[in-house]
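> Next come a sequence and a model predicted from it.
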Amino acid sequence: PLHDENRIFVRHGLARLREAPSPGLKALLDATGLTDKTALCADDISYKLAPRLNAVGRLGSARLVIELLTTTSAQRAVDLARFLEQQNEQRQQLERRILARAREKLADHDLNGTPALVLADPDWHPGIVGIVASRLVELYARPVLLIALRQDRGELAAIGQGSGRSVPGFRLHEALHACSEYLLSHGGHAAAAGFKIHPDAVASFRERFCDYAARHFGTGPPVPRLIIDAEVPLSALTLGLLTDLDRLEPYGADNRRPLFLASGLQIDGAPRKVGGGERHLQFRIRQHGRTMKAVAFNMTERIAELMSAGGACSIVFTPDLNEWQGYRRVDLKVVDFQPGADARLH
């Protein structure tokens, strides 16, 4: 957790990355467009640098990441950073494909009485299923286990490699231990875990795991909640406010970004689908003469819902500093929204 001395280590580490990066990290900062930022934040690591460093290991071997971080050759660093970029793009494509297939599998099922999701497929990549499990937890608000039933070279039979993500209050590693008679191996912690399983045991394991989850939840998985820190008008979202919020950095485990509510908004124009695979929504919102750009990540499928009240909406968001060629402005990262001018809170 980002408490006490951990915050000091991370804050000074971020400054060090920006001020004196190694040749490999400098090449990676250049490749991700972070070189021109005046200061790095925790989100830059989480959403820009770490996914590229992880992609190579997820798809094959992490040896090239070690070489990138240790090389003294600027040209070799540039070549490796370019390769990591390509691997990350491939990882994103695989992630979209697995997510789409998983949602297809769930489309014909009534999920109201389903306390957990356990899905398996022979075409899934074992290095990607954990990321997709996280996305499905966000979408369906219950524990998710995904199993890649791939047969690797040299293996006589396929072995399922599974990865899971959980919801608050459901200790995933304990759930796997309770179902261990069906598993070849397992390990992890409360929020995330991995395991191996024989394909013939998947159906029985699914039944046992869902029974365990049903007993744990009783009346069903907890309804997902957003804790909103304050309601603010768009006029209050200034560069000065972002400077003050930056004092709370670095954000991370047990030190989340503040979430704000803005209501009485009107969509200005038509929302656009953006990003790889057109997964994200970009639109402009207006309130009392102030107009701002908002981006809703991984919410393309909700475009009809967004416009269902004629463009009137309320949003929960985090303000974000957008820097480009010396120009600075405040944009909004949408966490959730409701159609209609008045927010319905519980």
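Looks like it arrived, so ask away.
> Distance-wise, check residue 221 relative to residue 111.
Residue 221 is 10 Å from residue 111, where distance means CB to CB, to the nearest Å. All C-beta spots, glycine's among them, are computed from the backbone N, C-alpha and C.
> which of these two has more neighbours?
Between residue 221 and residue 111, counting by other CB atoms under 10 Å, residue 221 is the more crowded of the two (21 against 13).
> got the contact list for that one?
Going by CB atoms under 8 Å, 6 or more residues apart in numbering, residue 221 touches 115-116, 141-143, 167, 170, 213.
> Okay, now the unreliable bits of the stretch 1-150 of the chain?
For the stretch 1-150 of the chain, no stretch has pLDDT under 70.
> show me where it has helices.
Assigned by DSSP state H, counting those that start in this stretch, the helices in the stretch 1-150 of the chain fall at 4-19, 23-31, 42-44, 50-59, 63-70, 74-107, 129-140.
> Next, the buried residues of the second one.
Right, the one you point to is helix 23-31. Of all the residues in helix 23-31, those buried under the rule 16 or more other CB atoms under 10 Å are 23-29, 31.
> Now do residue 340: how many residues are near it, please.
Counted with other CB under 10 Å, the neighbours of residue 340 add up to 16.
> can you check the one 3 residues further on too?
Summarising burial for residue 343: neighbours were counted as other CB under 10 Å, giving 18.
> Equivalent analysis for residue 288, please.
9.
> Do I have it right that it meets residue 236?
No - at 11.3 Å, residue 288 and residue 236 do not qualify as touching, with contact defined as CB atoms under 8 Å.
> can I assume residue 132 is in contact with residue 97?
No - between residue 132 and residue 97 there is no contact under CB under 8 Å: 9.4 Å.
> neighbour count winner among the two?
Neighbour count, other CB under 10 Å: between residue 132 and residue 97, residue 132 has more, with 26 against 16.
> Next one: that one from residue 165, what distance?
Taking CB to CB as the measure, residue 132 falls 9 Å from residue 165.
> Likewise for residue 218?
On the measure of CB to CB, residue 218 and residue 165 end up 21 Å apart.
> Could you do residue 147 as well?
Using CB to CB, one obtains 13 Å as the distance from residue 147 to residue 165.
> neighbour-wise, which of the two wins?
residue 147 (26 against 23).
> who does that one bridge with?
In this entry, residue 147 is beta-bridged to residue 120, residue 162, by DSSP bridges.
> neighbours of residue 233, just the number please.
Using other CB under 10 Å, residue 233 has 12 neighbouring residues.
> So it sits against residue 262, correct?
Yes - assessed by CB under 8 Å, residue 233 is found in contact with residue 262 at 7.0 Å.
> quick one: common contacting residues for those two?
Common neighbours of residue 233 and residue 262 are listed as residue 287 (criterion: CB under 8 Å, 6+ apart).
> got a list of what residue 296 touches?
Residue 296 neighbours (CB under 8 Å, 6+ apart): 280-283, 302, 306, 334, 337.
> and those, which are buried?
Buried by 16+ other CB under 10 Å: 280-283, 302, 306, 334, 337, out of the contacts of residue 296.
> Kindly reformat the residues you listed as TSV containing distance to residue 6 and secondary structure.
Formatted as TSV, those follow (distance: CB to CB, whole Å; DSSP: H, G, I helix; E, B strand; the rest coil):
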residue	distance to residue 6	secondary structure
280	31	strand
281	34	strand
282	34	strand
283	37	strand
302	36	helix
306	38	helix
334	29	strand
337	33	strand
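> between these, which is nearest residue 201?
residue 302 (36.9 Å; CB to CB).
> any idea how far the closest one is from residue 219?
From residue 302 across to residue 219, the span is 27 Å (CB to CB).
> and this structure, what are its domains?
4-92, 109-217, 230-339 (automatic domain parsing).
> Looks to me like residue 220 is in a strand.
No - Residue 220 is assigned coil when assessed by DSSP: H, G, I helix; E, B strand; the rest coil, not a strand.
> In contact with it, which residues?
113, 115.
> rewinding a little: columns distance to residue 251 on top of the contacts of residue 296, output as TSV?
What follows is these, written out as TSV (distance: CB to CB, whole Å):
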residue	distance to residue 251
280	21
281	23
282	23
283	25
302	25
306	26
334	17
337	22
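> circling back to that earlier point, turn the domains of the chain into JSON lines, including distance to residue 345.
Converted to JSON lines, the domains of the chain look like this (distance: least, CB to CB, whole Å):
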{"stretch": "domain 4-92", "distance to residue 345": "26"}
{"stretch": "domain 109-217", "distance to residue 345": "18"}
{"stretch": "domain 230-339", "distance to residue 345": "8"}
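> elements contacting the longest strand along the chain?
For the chain, the strand with the greatest residue count under DSSP state E is strand 260-274. Judged by 3 or more CB pairs under 8 Å, 6 or more residues apart in numbering; DSSP states H and E, the packing partners of strand 260-274 are strand 230-231, strand 280-287, helix 303-306, strand 312-324.
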